[in-house]
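1. Please work out how this folds:
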Amino acid sequence: MATYEDIVNLALRRGLFFPTSEIYADYPAGFFDFGPYGAAIKRKVVDVWRNALVQKEDFLEIDGALTMPASVFKASGHLDSFNDPITKCKKCGAVYRADQLLTEITKRDFKEAMSESVLTKALRDNHIVCQNKKCKGLLSDVEKSSLMVKIIANVGKSDLYLRPETCQNIFLDFARLYKTMRIKLPKGISQAGLAYRNEISPRQTLLRSVEFMQMESEVFFNPKEINNIDNWDAVKDYEVMLQRAKEKKASPIKCKDLVSKKIVSGKLIAYYLARTQQLYEVYGLKKENMRFRELDDEERAFYAKEAFDFDVKTSLGWLELIANNYRTDYDLKGHMKASKQDMQVIDDKTNKKFIPHVWEISIGTNRTFYAILENAFKKDKDRVFLSLHPNLAPLHAGIFPLLSNKEDLVKKAKEIYNELKVCYEVMFDKSGSIGKRYARLDEIGVPLCITVDFDSLKNNDVTIRDRDTAEQKRVKIKDLRDILYKLLMGASFKEL
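-> Numbering: from 1, shown residues only. Model prediction:
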């Protein structure tokens, strides 16, 4: 099984991701750049989400601004309630998330929603001090620290903040989109983009950073019609992996049973839990390594009536990738009251006005990216490769001349490269031994390598190599386009 260290080492070695501004000693924690291949994989993670969820469910997609005025976050509750419990070392000034520090040291489950007094008492009862080995100073009482990132003063008006989540744009735009796009409920509105949180202790690279990407969907619906779902039959017998709030492990349960046992408020919620899990099956993750973990009153966000974290099993334990929340009419009602703008819509059946309710699917893109890499990471004897699905691989194929100093081989390989790049994402490489070239592309998850050798010049054929098995076959150059298409669409290498 891959480890966190395996993924970080691979990322640094192949430039998948790395700290921003790293050539300076004062580079900031919690910010990362993605190199060419890492950026390509992350872009395809978003493309799969867009194809398998947004487009499939006929959602609308927007692209909202990163900055919004304080009034937005006052209405949403973020300025008052979006906080982390922190404690500071009185000696060296180190800052810790109190709930995380307690959980790590005591191996018991402490939650960020716990009161400052409860967390402070736990620190004292467990005699927890600064974790810096050269310090071991006393820790302060726990206090709340805002996660909001203020950027600049908006001259003559309120302060501006970087958005801490991508959903607020969607709520603010809903009234306009409802009219201009002639929306009929239920309807999802989505966006993929950056968000920012003032993390006290950014750590574990992409897993807890200040700047991160989300893939957000907010499904607006009439709460009286929560059980009126057109495609219900497609998922009613589908099993999701569910861990109830008071249970220790996840078990499969059919969507129709989620509804009949009143685990969720209605079919709409069960439907989108199914669609969310199915998205991660497309990403290549196994059902037994996924779970929806039901959150209790202490863990739920302040705006949520029902909440399920979607977690994936990794070498670090269960990693939360998605917040699934029934936000009711909390957001639209709050913005309606604060902005004095009408957010109501008309019920077609009763002709009465109401404020739509919202089901949220808030996906952490960077965490999903990490989970996909760890799931795909493989070691086979003396080689390492990423067994990525072709729709997530940064390239479709590499084209190599067997020897870089043989002009005829290089010329033929470039001809093939120029022909294939019209249809596929391919690269030409003649640097190093053929084994090293295979290894470089294996490590970034490229599914196929095409080698031009001396027989290619006589027979107009090439060797095509499969990443996962390292199996090789001869195929005619004239058939390459069709063969690549079949392999990238899922055909078996043995069928060639």
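2. show me the contacts for residue 239.
-> Residue 239 sits next to 252-255, 287 when contact means CB atoms under 8 Å, 6 or more residues apart in numbering. For every residue, glycine as well, the C-beta is placed using N, CA and C.
3. any idea of the mean pLDDT in the helix or strand hosting residue 73?
-> Using DSSP states H and E, residue 73 maps to helix 70-76. Looking at helix 70-76 alone, the average pLDDT works out to 93.
4. what does stretch 384-404 give?
-> On average, stretch 384-404 scores 97.
5. distance between the ends of it?
-> End-to-end distance for stretch 384-404, by CA to CA, to the nearest Å: 24 Å.
6. Please, where are all the helices along the stretch 101-250 of the chain?
-> Listed in chain order, the helices of the stretch 101-250 of the chain (DSSP state H, counting those that start in this stretch) span 116-125, 167-180.
7. Include distance to residue 139, mean pLDDT and mean neighbour count when you put these into TSV, please.
-> Converted to TSV, these look like this (distance: least, CB to CB, whole Å; pLDDT from 0 to 100; neighbours: other CB atoms under 10 Å):
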stretch	distance to residue 139	mean pLDDT	mean neighbour count
helix 116-125	6	94	16
helix 167-180	34	97	19
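8. closest to residue 109 out of those?
-> Closest approach to residue 109 among these is made by helix 116-125 (11.4 Å; CB to CB).
9. ok, residues contacting that closest one?
-> So helix 116-125 is contacted by 85, 87, 98-99, 101-102, 106, 110, 139, 141-144 (CB under 8 Å, 6+ apart).
10. got it, and stretch 142-157?
-> With CB under 8 Å, 6+ apart, stretch 142-157 has contacts from 67, 69, 73, 78-79, 82-87, 98, 116-117, 119-120, 123, 159-162, 164, 196-200, 210.
11. could you give me the average pLDDT of stretch 361-375?
-> In the prediction, stretch 361-375 has an average pLDDT of 98.
12. Over to stretch 192-203?
-> Per-residue scores along stretch 192-203 average to 90.
13. re earlier: could you tell me which other helices and strands the helix or strand just after the helix holding residue 73 packs against?
-> For helix 70-76, the following helix or strand on the C-terminal side (DSSP H and E) is helix 78-81. In terms of contacts (3 or more CB pairs under 8 Å, 6 or more residues apart in numbering; DSSP states H and E), helix 78-81 is packed against helix 70-76.
14. and the end-to-end length of stretch 456-474?
-> Start-to-end, stretch 456-474 (CA to CA) is 9 Å.
15. how about low-confidence regions in the stretch 251-400 of the chain?
-> In the prediction, the stretch 251-400 of the chain carries no residues with pLDDT under 70.
16. and with 80 instead?
-> Scanning the stretch 251-400 of the chain for pLDDT under 80 picks out 298, 301-302.
17. residue ranges of the strands in it, please?
-> 251-254, 290-294, 306-314, 317-328, 345-346, 353-354, 357-364, 377-380, 383-386, 397-401 (DSSP state E, counting those that start in this stretch).
18. winner for burial among the ones you listed?
-> Of these, the one with the most neighbours on average (mean count of other CB atoms under 10 Å) is strand 397-401, at a mean of 27.
19. so what does the very next helix or strand once past it touch, helix or strand wise?
-> Sequence-wise, the next helix or strand downstream of strand 397-401 (DSSP H and E) is helix 407-420. Here helix 407-420 touches strand 397-401, strand 426-428, strand 448-452, helix 454-459, helix 480-488, going by 3+ CB pairs under 8 Å, 6+ apart.
20. quick revisit: show me what counts as buried in the helix holding residue 73.
-> Neighbour counts over helix 70-76 (16 or more other CB atoms under 10 Å) mark 70, 72-73, 75-76 as buried.
21. neighbouring contacts of stretch 168-187?
-> 58-60, 62, 64-65, 68, 72-73, 76, 163, 189-191, 216, 218-222, 225, 229, 268, 331-332, 335, 341-343, 345, 356, 358.
22. Would you mark the buried spots in the longest helix anywhere in the chain?
-> Longest helix in the chain, counting residues (DSSP state H): helix 267-282. The neighbour-count check on helix 267-282 (16+ other CB under 10 Å) flags 267-280 as buried.
23. For residue 314, state which of these is nearest.
-> residue 280 (12.9 Å).
24. Which residue, other than its chain neighbours, is closest to that closest one?
-> residue 290 (5.9 Å; CB to CB, 6 or more residues apart in numbering).
25. Name all residues that make contact with that neighbour.
-> When contacts are taken as CB under 8 Å, 6+ apart, residue 290 is in contact with 241, 250, 277, 280, 310-313.
26. Return the member of the contacts of residue 239 nearest to residue 52.
-> Closest to residue 52, out of all of the contacts of residue 239 and judged by CB to CB, is residue 287, at 16.0 Å.
27. which residues does the nearest residue to the closest one once chain neighbours are set aside form a beta bridge with?
-> For residue 287, ignoring the flanking residues on the chain, the nearest one in space by CB to CB, 6+ apart is residue 241 at 5.9 Å. On the basis of DSSP bridges, residue 241 is bridged to residue 252.
28. For residue 490, see how far away the closest residue to residue 468 other than its chain neighbours is.
-> Leaving aside its sequence neighbours, residue 468 sits nearest to residue 387 (CB to CB, 6+ apart; 5.3 Å). Relative to residue 490, residue 387 is positioned 14 Å away (criterion: CB to CB, to the nearest Å).
29. Looking at these two, which one has more neighbours?
-> Per other CB atoms under 10 Å, whichever of residue 387 and residue 490 has more neighbours is residue 387, with 16 against 9.
30. follow-up on the earlier one: can you tell me which of the contacts of stretch 168-187 are classed as buried?
-> Buried among these by 16+ other CB under 10 Å: 59-60, 64, 68, 72-73, 76, 163, 189-191, 216, 218-222, 225, 229, 268, 331-332, 335, 343, 345, 356, 358.
31. Now residue 41: closest residue in space, sequence neighbours ignored.
-> For residue 41, the spatially nearest residue (CB to CB, 6+ apart) is residue 394, at 5.3 Å.
32. what residue ranges in the stretch 101-250 of the chain score low on pLDDT?
-> 112-113, 152-158, 201, 203.
33. what about the strands in it?
-> Using DSSP E, counting those that start in this stretch, strands in the stretch 101-250 of the chain cover 143-146, 149-153, 159-162, 187-196, 211-221, 239-243.
34. what is the orientation angle of the fourth one with strand 211-221?
-> It refers to strand 187-196. 160 degrees (axes from the mean of the first three to the mean of the last three CA atoms, to 10 degrees).
35. Run the chain-centre distance for strand 187-196.
-> 12 Å (CA atoms, centre = their mean, to the nearest Å).
36. go on, the last one?
-> Taking CA atoms, centre = their mean, one finds strand 239-243 lying 20 Å from the centre of the chain it belongs to.
37. got the angle for it vs strand 290-294?
-> 50 degrees.
38. okay, now residue 193: neighbour count?
-> 18.
39. For it, give me its contacts.
-> 63-64, 66, 166, 213-214, 216.
40. again, only using 10 Å
-> 46, 62-66, 163, 166, 169, 213-216, 365 (CB atoms under 10 Å, 6 or more residues apart in numbering).
41. with those in mind, which one is nearest to residue 413?
-> residue 46 (32.0 Å).
42. Now list the buried members of the contacts of helix 116-125.
-> Looks like the contacts of helix 116-125 have 85, 87, 98-99, 101-102, 110, 139, 142, 144 buried, using 16+ other CB under 10 Å.
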